[in-house]
Structures are given as structure tokens and as C-alpha cells.
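Q: Structure of the sequence below:
(chains A and B)
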Amino acid sequence: MANKADVWQGTLALMVLKTLQTMGPLHGYGIARRIEQTSGDQLSVNYGTLYPALLKLEQEGYISSEWGVSDNNRKAKFYRLTRAGQKQVAKEAREWEQATAIIARFLSPGEERS
Amino acid sequence: MRRLRAVFLRLGGFVRKREWERDMSAELESNLQLHIADNVRAGMSPEASRRAAVLEFGGLASAKEHYRDRKSLPLLETVAQDLRYAARTLRKNPGFTMVAILTLGLGIGANTAMFSVAQAVLWRPLPYARPDRLVEITETNPLKHWTHTVAAPANFADWQKMNTVFTGIAAYYPNDVFLSGQGEPQRLKGIAVTGNLFGVLGVVPLLGRTFRDEETFEGKSRVAILSYNLWQVEFAGDPHIVGRSISLTGKTYDIVGVMPRNFFFPGHDKQIYIPFGFKPSIFVEHRRPHYLNVIARLRDDVSLEHASRQMTAVASRLEQMYPDTNTKMGVRLDGFHNTLTQEKRPAMAMLLSAVCVLFLIVCSNVANLQLGRAAARGREFSIRQALGAGRGRLVRQLLIESLALSLAGGALGLALAVFARSALLRWAPAAIPRYAELRIDAWVVLFGACVTLLAPLLFGIVPALASSRADALRDRGETGSRGGRSLRNVLVGCEVALSVILVVGAGLLIRSLIQLENIDPGFNPDRAVSFRLFLSETRYAKSEHTVRAIQEIERRIRTEPGVQVVGIGLVLPLQGMAWTDDATVEGHAPGDYERELRHNAVTPNFFRATGTRLVRGRFLNAFDTERSPPVTLVNESLAKNYFRGADAVGKRIKFGIDRDPDPWVTVVGVVADAKQDSMSARVEPEVYVPLTQSGPEGGLGITVVIRGSATPDALVAAARREIHAVDKDLALTDVIMLRELVHESVGDQRFRTSLLAGFAGCALFLAALGVYGVLAYSVAQRTREIGVRMALGASATQLFRMVLRDGLRPVLAGSIVGLAGAYAVTGLIQSMLFGIAPVDPPTYLLTCAILAAVALTACAVPAARAIRVDPLVSLREQ
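A: Residues are numbered from 1 along each chain as shown, chains lettered A, B, ... in the order given. Just a heads-up that it's a prediction; the model follows:
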């Protein structure tokens, strides 16, 4: 666990939104697990970070929540993407790709400043 | 948008806290259970599963804390918490809380009230369109020592024609009128105006219309406009007032309009406006009498300097055209608002500074109280810090306690300001020239709110920083930290220094006031009463009618019991009125020619009635009639200035200018100088001619003075009876005892002196409270030490001295600084002093004496408590 990185500030929201887009409605624990899996267990998600992030997204209207029953018959709070959330995923993904592309250009060898 | 929505939701979260707290706990718990179930499925034991789950996801409590921070607005949350806590702790310390709130209320209230006065007197813009473009035009003349004198009608008319810098020039002069109705006619404060005045001011009437230009002149001028208050009070707010006719001083006028409530014009709040009603020739011929106030509106593209230059050019052209009257006659332009406020500005500046100083004293006093309390709360802060409160958090909490105090004080202060307003209106209306406008408006409330919010920063920060300093756990609050005590001593020293400055200032003003009231006014103000009568030109067209009526009135009043002597003159000393006339004094060079002399016409008994001493020659008498050789009395100033020590009696004066055929008038007596415009102004040369020889015309105001043994009311009632027997339409106005006349003439001085003295008194009291508080606290802290000293044989006197010395040290330091400060700043109020210099030894000595007495009293109480300490009890206590 010690060698797992914490999620970078600012990227968690996008991960949550993307996870909900792919997986459909999911509870907090499920989201955390899914993010860890997707990262190939290179990331660890902390409740203290995740819940405020979920709450923020909900307050901003990108996701909504309701109580439901999980696969193994436990009561849990499920989050789902709203329509605004769908748009936000697309927007943030695009921005992120742009950002990484720019950074990549700096890092890739052979394309140093001439 | 989304962010805003989130803020609202968080605000909502702040309100419905319990509900979502439960929801959050349930969610976290359910997720933990899911996690445990996963772990169990992976083959762990239930305990190990739980432990692993908790470990992996971090502490539940901290997750909740983070969640809470996001759910609600944490700052708001803790502020509300702190406020609640502050209210609770303050309630638990009612003594401290009461003193702090009362002190703050006093400081904030005094500042807010003073601000409202300054706002009314100095700052609130005049209720005219673009008031900053309005200027007052006055005339200057070095030959006559005029620096800003009202204008002559013909000059005014020429300015109107020749200037290119104004969009309009209007004129007015005060002209009281008498409204006839039932019984004695009622005097109204009237303003005679040119038809364009309201247009120049840029105001629209509430009802009806304003005047037209042609209504300035005779023939069309029988129209009147009422001020709002006059309309409300005298005409019961009659909505159909426009078109009604009223009789003013025997002539019929049609009311054509009513001004709105917020309209203001210098003088009075119950005014009636009527046009001049002049013949057009007056605007051509009257270049000698000066009586018009002139107000003009600058063109938008013209500066005051430019306009002044242009008007000066106009004046010099007039000088060339009319050398007889306009030699050396210049003009002066001032912002209209400036001219209204100029006189009051120094006193207001002084009072505002004084009230700021008082506020500083209030703040340091409350800071002191808080420091004292903080020492006692050292334990509480240590524990809170040990439990994890950061220093910032503690400082914030202390500041919020200060804010709570200040808010309560601010509310009290605002109430105080409202009370002060009604008190001022009742007690000193004349001190506030535009008193109708003294009100607690949005600006005043805003100011009070700002002061309330500023105060905690002044009195709260230092105590908060000082008492939040850690390491308090070590200090058991046994001796009171030395650092804390020296800080408190510094604060007390500051309070003393500031209050010394105020006390010295107040002392200087009080001494000036006493000097002013005690100088000889040149007449005897005791047991004499005066009033004014107006003899209208409709009833008293001819001079001999007027003279006969005046003589008859005087003769009849004298027969009343209790009346000793009756005199009648045009004006009275200190009445705020003066007639001037050109005069040539025999034997004086033409340079002195056209000297304007103050001019009064009196009956023979006038000086006996006012109690003015004859210095030389004789008084006027019954043989000085229309047919006898013309004579005059002069005052001592005239005798001294023009005859340079030689006997004035027998010398001659000519009235009017040289070319007039007026005969020479012989001086038959010299009377003592009586004060004219004010108690402080130098007495100017004045002549007193017999009323019989002055050729009085109708439309004349006279002043009757009665000296007698009966009460003033009885004297006036008797006089009214006799006057109505002569003419039942004569109204007695401006009834006043001569003593009051003197009293009122220093009303302004008394107003500012009382206010400053009040502030100084409060300051001194607060400083004493500060001295007492620090010393009492230190005695309480040192009970044990005192006990030990006693046990070791210290005598009561020694201990008393020790404590006293402790208490007086900051007082001594503070007063030295304060006296030096007073020495430095009292020069600023030199213009308000009379008969004393700013460095007035008696005032300084008295201040020291008062301060010593107050400080000793404040220190003696704790010192006395110290020597009553029982050594056994104090030692057992620990």
C-alpha cells in the first residue's frame, strides 16, 4: 500500500465521472474499487478524498445519488451520471487529452527546442 | 453557474445539518460493510477484514470531517459556533460584558452622533440640481474694509447683463412679512427673491409653480411660494392651497406654489418666498445700498477661477463707469456650499477629532478589560491548544468574541445617536444651522456599522494575539504574566495621555467662554426686556406719523406700573442687525470719505433703557426735534478713531456723500462702546441720531427696550396692551431679555464647549476606570505576595504606598506625554480661544490637579483593599 500513489489533485473528479459513465450507477465503495482496478492497482483512493469529491460533483449537479440495494443485498447509496455530467465527462476528457498531449511533446525525445 | 449552485447547496447544508449528518454516517457505514464483506469473501477473518478495510480507506472520523467541510461552509460553520460560544462566555461574565458594552456603546454612539451632526452641517449635498456648480457672489472693497459684502441691486443687474460665465444669476434678501388673520398679525420668515431664483437652483415645486422672471418687478409681484413646513404648520397642509390669497403686511398675495419637503434655503425651515416687487429703476439707480445675496450657476465648461477672472473684469468696467459708487469695488466668488459651512468647519473639525480620540480611549479601555480577562482565561486557552486548536483558530475565536461585544455596543451606540439627535434638536437647535436636516439617515447608520466593525480590530487584535500565545499551561495564573501587565500599563498610559489632551482642550474653551461672558457688553443686561415692532408702510406712510406713533408707544408704556424706563431704537446691541450709512467726519481727508458708519436712530431714553454709560457731553433729549439743529451721539470707538483723543463733543459729521446737501450734524455726546455683532468682535465706530431727526419712513422695524422691576412677562404683557391701544395690528416679535441676548450671542461657543467638555469628561472617566481596573487586578493577583510582605512586617502605610506607586506610574507617564501632546495640538484651536493663549498656565495646572485627584481616587480603592489583606488567609489560600 505504501508504494501506491494517492490520486492527484484535480483528476479524481474526472475518474469518478468516467467510471460512472462506463459502469452505470455505483456506490462509493464500488467507485473506489473500480478506480483502483482501472489504474492497475497503482492508485489508492481514500474515503477522506473520495466523499468530498462525490459531494462536490453532486452539488455541482454532475451526478445524483439515491439509496438502493447492492448485489449482495446491502443498503448502499448509489451515484449516477446526470445529463450535465455526461457533457462534463466529454469536456474534461478533451481538456485532459490536450493537456497530456502538450506535456507529452515536452517529454518525448527528439523534439527538443530547435 | 454550477459553482454558485454549489454555494447555495452548501448554505443549505449549513442549515439542515442533522439530517445530512445521519445520511453521511449511514453511507460511510454501508460502504465499510461492503468492504468488509469483500475482505471476508477473500478469506479473511471478520476482525481482520474490518481492520484492513479501515486501514485502507483511512480513518472514518477524518473522512467525515472532510465530508463535513465540503457539505457545508466550514468558515461560516465555525464562525457561527464561535459566536454562540462567545455569547455563552460573555453571559457568564456579566460584569465584564456590561462594562465593555456600555463603554463601546458610548464610543460608537458619540462617534455616530457627531458624524450625523457633521453630515447635516458640513457634508450633505444641498438639495439642488448639481449643487457643486452654484456659487455665491459678494462684493469686496478695501476702502470700506469689505471682504464679502452683499451686493447693490444695480451692480447685480449689470453682472446679469455683462457676464458670460453663468447660466443664471439670482438674488434674494431676508424680508420678514406679517400674515394677517385673526388677532395680532403673525410674523413669517420671508425671503424676497428674483423670479429666476428657483430656476437657478434647479428645483421644482411640490405643488403649483415657481416664479417667472417678470414677477421680480412691481405690478406682477403679488405671488408667494410656501416652504413645506410653513405649508404644513400654518396652512395645515391644505392640498388646495395653490390659488388661495393671503394678506402679507397689508398687501394681498396669491399662493402659486409649495416647495418639496427636502427643499432647503438658508435661514429657517418655515419660510415664505415672495418676489422683490421692485420698480425696474431700482436695478439702475441703487448702486449705493448693498443688500442682495447673489447666487449664480456656473456654465458647465467654466471653472470657478475662470469665472472669478471674468467677473473681476466686469467689476473693473463698472468701476470705470461709476466712479462715484464703485471705486475699488471688486467681486468675490465662493462655492455656495462652502459659504454656508465655512464658519462651522473649524469647530466641527475639532469636535470630530475629539470624538475620534474618545473612541481610541474606549478601544484601549476595552482592550485592557480583555487583557485582564484573558489572563484569567489562560487555562482555558492552554487546554484548547492542547486539544489541537491552532493559534489562528484561537485568535479567530477571540476576535469573534470582540465582534460580539462590538455588535452589542454598536446597537447601543445607534440608540444613543438617535437619542442624541432629539436632545440636540431640543437643546441646541441654533448650533446646527440646517437643523431641519439633522437626521439619522442611511449614511449615518452605515458609518455606525463601519465603526462597529472597525472597533474589534482596534481593541481585539492585541489582546487576542497576546492571550493566544502558547505556553500558558506552565503559567498557573498565579502572578499574572509580567508581559501582560506591562502591556496593560502601556494602554492605561495611552488612555491617560489622550484624555489629558481632551481635558486641556476643554479647559481652554471653558476659560474662553467664561472670559467672553464676563466681558462688559457695554450695556446692562439685567432686568431689561426687548422686542421688535414693524411699522408697515401702508399704515405709516409719512415720517411724522411714524415718529408720533413711536413717541406715543414709549409714553404709554412708561405709565405702566413696574416700568422704570423705556427706550426705542432701530436696532439693539447683539441683535444681529446693523444699519450702515456713508458718513464724512469733519476734518478728515477725502481718503476717509465715504467711510461707512454704523448708524442707529434712537429715542432720548434709549441709553438709559439699555444701561449704556454716557462718557462725555450729554444724552439726547426731548428738545432734539425735527426743527432743532441736527445732533448726534457717537460711541467711544468713533471718538477714539476719528478725533484721536481730542474731545469729540462739538465736532461735526456729515451723513451721505460729500455732494449731498445734508447739513453738518454736531456731536453732543459720547457713549460707552456697546458690543455690536458678537461679544468677541471689536466694536466699530457707530453714531446714534435722534429718531425725530432721522426722518423715519414707513416699512420700519424698531426695537423697544423696557427696564423695570416687574417680571419680563408682566412688562411685555403691559407693553402689548399699550401698543394695541395705539395700533391693534402691531405685532410684538423677537421678545427677549437682554441677559438672554448676551447668552445667545455666545451660543455657538457654548455648544462646542459643552460637547468638548462632555467628551473630555467621558475620556477622564474611562481613563480612571482603566487605571482602577489594572491596579485592582494586580492587587488581586498579588494577594499572596502582599500577605507575605505583611507577615514579614511591612506596615500598612508601606504597602499602601507600594500599591499606589504601582498604579500612579502609568498615570504619570501618560500625563507627561499628554501634556506635551496638548501643547503640540492646542495651537490648532487658537481661533476658537478668546482672551487666553493656547499655552494657558491656569488650564494646564487645573488639568494636572483634576487628573491627580481622579487618579488618586482610582488608585486608592485597590490600595485600601491591599492593606486589608489578612496574611493568614492569603497564605492559606494557595
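Q: For stretch A:16-23, the averaged confidence score.
A: Stretch A:16-23 shows a mean pLDDT of 90.
Q: Return the set of buried residues in that stretch.
A: Buried residues in stretch A:16-23, defined by neighbour count with 16 or more other C-beta atoms under 10 Å in any protein chain shown: A:16-20. Placement of C-beta: from N, CA and C, glycine included.
Q: Get me the contact residues on chain A for chain B.
A: In this structure, chain A approaches chain B at residues A:1, A:27-30, A:32-33, A:44-49, A:51-52, A:55-56, A:59-62, A:70, A:72, A:74-77, A:84, judged by C-beta under 8 Å from any C-beta of the partner chain.
Q: Now, these that are in strands?
A: Counted as lying in strands by DSSP state E, out of those, are A:27, A:44, A:75-77.
Q: tell me the least confident of those residues?
A: A:S44 (79).
Q: Near it, how many other residues are there?
A: 20 (other C-beta atoms under 10 Å in any protein chain shown).
Q: Now restrict the residues of chain A next to chain B to buried residues only.
A: A:27-30, A:32-33, A:44-49, A:51-52, A:55-56, A:59-62, A:70, A:76-77.
Q: which SSE is the residue in the stretch 251-400 of chain B that chain A sits nearest to in?
A: With C-beta to the nearest C-beta, the shortest gap between the stretch 251-400 of chain B and chain A falls at B:G388, namely 16.9 Å. Using DSSP states H and E, B:G388 is not contained in any helix or strand.
Q: pLDDT weak spots in the stretch 301-450 of chain B?
A: In the predicted model of the stretch 301-450 of chain B, residues B:428-436 satisfy pLDDT under 70.
Q: Kindly apply the preceding question to chain A instead.
A: Along chain A, segments meeting pLDDT under 70 span A:1-9, A:110-114.
Q: quick one, helices of the stretch 751-878 of chain B?
A: Residue ranges of the helices in the stretch 751-878 of chain B, as given by DSSP state H, counting those that start in this stretch, are B:783-791, B:796-825, B:841-867, B:871-877.
Q: So for B:E27, which of those helices sits nearest?
A: Ranking the helices of the stretch 751-878 of chain B by proximity to B:E27 (C-beta to C-beta) places helix B:871-877 first, at 55.5 Å.
Q: For that closest one, buried residues please.
A: Going by neighbour count (16+ other C-beta under 10 Å), the buried part of helix B:871-877 is B:871, B:874.
Q: same for that helix, what does it pack against?
A: In terms of contacts (3 or more C-beta pairs under 8 Å, 6 or more residues apart in numbering or on different chains; DSSP states H and E), helix B:871-877 is packed against helix B:783-791.
Q: Contacts only, for B:A719.
A: B:531, B:557, B:560, B:704, B:706, B:732 (C-beta atoms under 8 Å, 6 or more residues apart in numbering or on different chains).
Q: Just the buried ones out of those residues, please.
A: The neighbour count (16+ other C-beta under 10 Å) marks B:531, B:557, B:560, B:704, B:706, B:732 as buried among the contacts of B:A719.
Q: just checking, B:R616 is part of a helix?
A: No: using DSSP: H, G, I helix; E, B strand; the rest coil, the assignment for B:R616 is strand, not a helix.
Q: Check the gap between it and B:L633 for me.
A: Distance, B:R616 to B:L633, by C-beta to C-beta, to the nearest Å: 10 Å.
Q: likewise B:T89?
A: Per C-beta to C-beta, B:T89 is found 78 Å from B:L633.
Q: Between the two, tell me which one has more neighbours.
A: Neighbour count, other C-beta under 10 Å: between B:T89 and B:L633, B:L633 has more, with 29 against 17.
Q: ok so, going back, which of the buried residues of stretch A:16-23 sits closest to B:V503?
A: Among the buried residues of stretch A:16-23, A:V16 lies closest to B:V503 (C-beta to C-beta), at 70.1 Å.
Q: so who does the closest one touch?
A: With C-beta under 8 Å, 6+ apart, A:V16 has these contacts: A:31, A:35, A:50, A:53-54, A:57, A:63, A:79.
Q: buried residues in the helix or strand hosting B:I461?
A: Assignment of secondary structure by DSSP H and E places B:I461 within helix B:442-468. For helix B:442-468, a neighbour-count test (16+ other C-beta under 10 Å) marks B:444, B:447-448, B:451-452, B:455-456, B:458-460, B:462-464, B:466-468 as buried.
Q: cool, stretch B:365-385 as well?
A: By 16+ other C-beta under 10 Å, the buried positions in stretch B:365-385 come out as B:365-378, B:381-382, B:384-385.
Q: which residues in chain A form helices?
A: A:12-23, A:28-38, A:47-59, A:83-107 (DSSP state H).
Q: ok so, going back, any common contacting residues for B:R616 and B:L633?
A: Both B:R616 and B:L633 are in contact with B:669-670, where contact means C-beta under 8 Å, 6+ apart.
Q: Contacts only, for B:L360.
A: By C-beta under 8 Å, 6+ apart, B:L360 lies in contact with B:458, B:494, B:498.
Q: could you dump the residues you listed to a markdown table with distance to chain A and pLDDT?
A: What follows is those, written out as a markdown table (distance: C-beta to the nearest C-beta, whole Å; pLDDT from 0 to 100):
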| residue | distance to chain A | pLDDT |
| --- | --- | --- |
| B:L458 | 38 | 87 |
| B:C494 | 48 | 92 |
| B:L498 | 51 | 94 |
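Q: Looking at those residues, which one is closest to B:T210?
A: Within those, proximity to B:T210 (C-beta to C-beta) peaks at B:L458, which comes in at 50.3 Å.
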